[in-house]
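A.B. asks: Model the structure of this input:
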Amino acid sequence: MSTDLLNGFGRVYLRIAYDAPNHWVRNEWIGEQTYIGILAGADACLPPLRENRCAYLLNDNSRVVGPWDHAVEWVVSNWAPRAIAQGLTHFANVVSPEALAASSAQSMALGLSGQLQLHLFDNLEAAQEWLREAQQQAKTPLGR
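C.D. replies: Numbering: from 1, shown residues only. As a prediction, this is how the structure comes out:
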């Protein structure tokens, strides 16, 4: 089951789904992103993370167009601490091929450095593989 958030034009700008087989939440951001939309969308992904006791987020920005620098500081200083407090440990972010959107992702990654495991990817498959490896490592006792 997924949740779709709509922009002022009635178009989906974010699809949030809990992927039970993989035990991660997937956000699929679409198109141009407004400050208010990012705040609402980021907050909307917190309940699925919390309700499913999920430490893994697959954030797909591959279809984002344009910069979203206007919300980076809020993501870093407001959203991330709340997500981490409820158990988020791994954040796989698929970056848009669009240069301005990619620059915003880089800014977010710099701001979140050291707060949680965050990696930027240029394709969905690599991001999924990284999350699977992180989950496997979490299941393997240290030193074995």
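A.B. asks: which non-adjacent residue is nearest Asp4?
C.D. replies: Excluding its sequence neighbours, the residue lying closest to Asp4 (C-beta to C-beta, 6 or more residues apart in numbering) is Val12, at 4.7 Å. (C-beta placed from N, C-alpha, C; glycine too.)
A.B. asks: do Leu118 as well
C.D. replies: Once flanking residues are discounted, Leu118 sits nearest to Phe91: 4.3 Å by C-beta to C-beta, 6+ apart.
A.B. asks: element containing that neighbour, please.
C.D. replies: Here Phe91 sits within strand 90-94, counting by DSSP states H and E.
A.B. asks: for Ala127, same thing?
C.D. replies: Applying DSSP H and E, one finds Ala127 within helix 124-139.
A.B. asks: So what does the residue most central in space within the chain have for phi and psi?
C.D. replies: Of all residues in the chain, the one closest to the mean position by C-alpha atoms, centre = their mean is Asn59, 3.0 Å from it. Asn59 adopts backbone torsions of phi -110, psi 100, taken as degrees, to the nearest 10.
A.B. asks: ok, now which ones touch it?
C.D. replies: Listed by C-beta atoms under 8 Å, 6 or more residues apart in numbering, the contact set of Asn59 reads Arg26, Asn27, Trp29, Phe91, Ala92, Asn93, Val94.
A.B. asks: mind running it again at 10 Å?
C.D. replies: By C-beta atoms under 10 Å, 6 or more residues apart in numbering, the contact set of Asn59 is 25-29, 42, 45, 91-95, 105, 108, 118, 120-121, 127.
A.B. asks: Could you do Glu32 as well?
C.D. replies: Contacts were defined as C-beta under 10 Å, 6+ apart; by that measure Glu32 touches Asn7, Tyr13, Val64, Val65, Gly66, Pro67, Trp68, Ala101.
A.B. asks: Excluding chain neighbours, what is closest to the fifth one?
C.D. replies: In space, not counting the residues next to it along the chain, Gly66 is nearest to Glu32; the distance is 4.9 Å by C-beta to C-beta, 6+ apart.
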